[in-house]
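> mind folding the following:
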Amino acid sequence: MKCLTCLELTAALLLASAAFAQSAHPQAGPTQHPALFLVGDSIMKTGTGNGETGPWGMGYELIPRFDEGKIHVYNEGLGGRSSRGYIEEGAWAKVLERLQPGDYVILMFGHNDAANSQNYPDRVTLNGNGGETRETESPVTHIEETIHSYGWYLRQYVQETKAKGATPIVCSPVPRNTWIDGKIKRGFDGYAAWAADASRQSGAQFIDLNTLAANRYDALGREKAASYFNDTQHTTKAGAQLNAAALAEGLKLLKGCPLANFLVTSRLARTEPELPALYILGDSTAAAQTRVPTIQGWAVPFLAYFDASKINVVNAAKGGRSSRTFITEGSLDSVVAKLKPGDTVLIQFGHNDVFPLNDNVARGTLHGIGEETEEIDNKVTGKHEVIHTYGWYMRKFVTDVRSAGATPVILTLTIRDRWNKDGKIERLPEPDLDLGDANRFTSPSIYSIWTEEVAKSMNVPVIDVHNMIADRYDKEGPDVVSTYFNSARDPTHRNPLGAEVDAAITLAGLKALLGPGLESVLSDKGKAIPAADARYIFRHSR
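Here you go, the predicted model:
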């Protein structure tokens, strides 16, 4: 067992005492703003004392993750309530009374929506997200009432939050302690998808907390995860901390949501700050998707290949970003600030570099790897900007990562679901491709060639996942490969099955690059993946 230093122990005690002081006791006095209200059931708020015994709600562990100098967090979870019960009992009206413009509400229901109980005989909601209703007599009030769907109630929360000028964030319910074939059960019997649908229809931000938490439990394995649950449904303090960490991760992945800026950024807030870290930088082909349930980046299942008690694996990839916009938005600086000597950073960009330089997204880069530039007045930011080549931006990734004492590793691009007339998957174009005649979008794999040239010039190792994936796809054929993608009209994004394939291939390449030493930080699932053939690895000595 790893021993904490005095500094780490002190930080842990301070965080624990802050959670206890702010959450375990009623919060008196007037509401301070800006405010974040945590709304849910016992998964959000339950427990006594400081959570060392019995069930413990994740809301207690969320509070110390926010900078109290920037935002005030109120845990308003109520045990036993469903999305319907919380409204009908008047708890939601009390939150609405305190809401002001600029506040935030995080919502998570679902654990109690499926069935009534002896203590709460009128909490059940209808399955789904539609407009169906059912008339029934309340066993408590004996008054006829109309019951709506789970999604309908979520939409009410969102609409009424927006009407107050506040920002609603809906979370899918965290998993129960139920396992199937060695993996924790996902989806929460449909409630995760219904929450996503309700969020999309009502225009709310959505965090797929079910998936983010499930990835962490899978990485632990069933035996270790047992101590994170007090029963099938409720977590212990360790489980509450895991769920809170997963939610914080989800906040950072949201686009256009300032709430992530209020999170504590100190390294002392990390549970194991001295562990080595592995960061993944990339676009939607790697990122955790929060709005399209059928799309999943390869870095999502990739986390389950590692032992979370031995290494911090951080999926910092962001959908829609190019090598240029990941830098100009400050995401690279944010990662570099957290790096320490010995960390490793996987870098993979190119799919979004193909787009125009200055449209309504403004994310394209100049062709090639040279020093050419082009100046624009950015239509998105309204600022003057000097745009560089793809290779220039990739060199900046390498330089900045190395400046923090970490090791950069470049990955070639994932392959698209496009096939040649000979029945083989479309691979890299020839290096002497005439770019003047090439369509930037239909020939994006030229970026993998430029990636390799940058790596050679800067002595950076490369894992050629492009050809590793292509070789597998050629063996399996179009019919099988089509089952890996989001849809026939989307040849770029994988579904969860395709993400698993790419994740396994990437880990195989990482094993071939780093050798047997990597095994010590892998989970049992990761150890079962064989190393790739050495021909896919380019070891450029520095």
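> list the buried residues in stretch 96-108.
Going by neighbour count (16 or more other CB atoms under 10 Å), the buried part of stretch 96-108 is 96, 99, 103-108. For every residue, glycine as well, the C-beta is placed using N, CA and C.
> of those residues, closest to Y86?
Of all the buried residues of stretch 96-108, L107 has the smallest distance to Y86: 9.3 Å, by CB to CB.
> let's see which of the buried residues of stretch 96-108 end up in helices.
By the criterion of DSSP state H, membership of those in helices covers L96.
> what's the spacing between V398 and S457?
Counting by CB to CB, to the nearest Å, the gap between V398 and S457 amounts to 10 Å.
> go on, N116?
66 Å.
> one step back: please convert the buried residues of stretch 96-108 to a markdown table, extending it with pLDDT and distance to I71.
Below are those laid out as a markdown table (pLDDT from 0 to 100; distance: CB to CB, whole Å):
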| residue | pLDDT | distance to I71 |
| --- | --- | --- |
| L96 | 96 | 19 |
| L99 | 96 | 14 |
| D103 | 95 | 9 |
| Y104 | 97 | 8 |
| V105 | 97 | 12 |
| I106 | 98 | 12 |
| L107 | 97 | 17 |
| M108 | 96 | 18 |
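> out of the buried residues of stretch 96-108, which comes closest to W419?
M108 (42.6 Å).
> hmm, back to that, looking at V398 and S457, which is more packed in?
Here V398 and S457 are set side by side on neighbour count (other CB atoms under 10 Å), and the busier one is V398, at 20 against 14.
> T236 is in contact with N230, correct?
Yes. Counting by CB atoms under 8 Å, T236 is a contact partner of N230 at 5.1 Å.
> what do those two both touch?
Residues touching both N230 and T236 (CB atoms under 8 Å, 6 or more residues apart in numbering): 54-56.
> show me just the buried residues among those residues.
The neighbour-count test (16+ other CB under 10 Å) marks 55-56 as buried among the shared contacts of N230 and T236.
> quick one, helices of the stretch 301-450 of the chain?
323-328, 331-338, 390-403, 446-458 (DSSP state H, counting those that start in this stretch).
> for T211, find the nearest of these.
Taking CB to CB as the criterion, T211 comes closest to helix 331-338 out of the helices of the stretch 301-450 of the chain, the separation being 21.3 Å.
> what comes up buried for that closest one?
Counting neighbours by 16+ other CB under 10 Å, one finds that the buried residues in helix 331-338 are 331-332, 335-336, 338.
> need these in a markdown table with pLDDT, can you?
Formatted as a markdown table, the entries for these read as follows, by pLDDT from 0 to 100:
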| residue | pLDDT |
| --- | --- |
| S331 | 91 |
| L332 | 93 |
| V335 | 91 |
| V336 | 91 |
| K338 | 87 |
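> so which of the residues you listed comes closest to L366?
The shortest separation between L366 and any of the buried residues of helix 331-338 is 18.3 Å, and it belongs to L332 (by CB to CB).
> my guess is that closest one contacts L281. True?
Yes. Taking contact to mean CB under 8 Å, the distance of 7.3 Å between L332 and L281 places them in contact.
> report the distance from stretch 253-264 to the chain centre.
12 Å (CA atoms, centre = their mean, to the nearest Å).
> my error: substitute stretch 343-358 in the last question.
18 Å.
> how about stretch 128-148?
From the chain centre to the centre of stretch 128-148 is a distance of 36 Å (CA atoms, centre = their mean).
> need the residues that contact that stretch.
Counting contacts by CB under 8 Å, 6+ apart, the residues outside stretch 128-148 that touch it are 84, 121-122, 124-126, 149-152, 154, 190, 194, 197-198, 201.
> that stretch spans what distance, first to last residue?
The straight-line separation of the ends of stretch 128-148 (CA to CA, to the nearest Å) is 9 Å.
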